[in-house]
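[1] Need coordinates for the following:
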Amino acid sequence: MNQENQPTFFIDRALGRKAIAGGLRKAGATVEIHDDHFPPEALDVEWLPIVGQRGWLILTKDGGIGRRLLEQISVATSEARVFVLSSGNLTGSEMAEIFVSALSRMQRFALGNPQPFIAKVYKSGTVRMWQSRNQLLKLLKPR
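    The predicted structure follows:
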């Protein structure tokens, strides 16, 4: 994948500002950090639509994004592509190591799967679909 096709990764506030961003940048990724674009207290439902519309790949350890209805709707309506770290109780450098090892897999996953989606990133660097486009868009249909 050449530099022009490289996606931008957005680091959720829950992941901090330095370790993950630094690790990904060192690996050649383009990275944006939550606090550079939004107030620290911004709710997920406020920033998710904006980041999704910008086409950035969202990295987080907040599994609630895939469980809370309002966040799921925000992902669905903004066509967001979200990668959730499956293990949240890790140090910044451990999380950085996992995301760096999964970098090419996340890029291929984003290219090979229609948005919106929520995928999980595992300690091994494996990336798996958690909530597909069809599952998320069903939330938008009137019942």
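[2] Find the centremost residue of this structure, please.
    Centroid-nearest residue in the chain: Ile58, 2.4 Å away (criterion: CA atoms, centre = their mean).
[3] hang on, isn't that residue packed against Leu85?
    No: if you go by CB atoms under 8 Å, Ile58 and Leu85 don't touch, sitting 11.4 Å apart. For the C-beta atoms, the positions are set from N, CA and C on the backbone; glycine is no exception.
[4] which residues touch whichever strand or helix holds the residue nearest to the centre of the chain?
    Here Ile58, judged by DSSP states H and E, is contained in strand 57-60. Contacts of strand 57-60 from elsewhere in the structure, counted by CB atoms under 8 Å, 6 or more residues apart in numbering, are 7-12, 14-15, 20, 48, 51-52, 80-85, 99, 106-107, 110, 121.
[5] And the next helix or strand past that strand?
    Next along from strand 57-60, by DSSP H and E: helix 69-78.
[6] What is whichever helix or strand comes after that next one packed up against?
    The helix or strand immediately downstream of helix 69-78 is strand 81-85, counting by DSSP H and E. Applying 3 or more CB pairs under 8 Å, 6 or more residues apart in numbering; DSSP states H and E, one finds that strand 81-85 contacts strand 57-60, helix 92-101, helix 103-112, strand 117-121.
[7] Tell me which of these lies nearest to Pro142.
    strand 117-121 (22.2 Å; CB to CB).
[8] Would you mind getting the angle between the closest one and helix 92-101?
    120 degrees (axes from the mean of the first three to the mean of the last three CA atoms, to 10 degrees).
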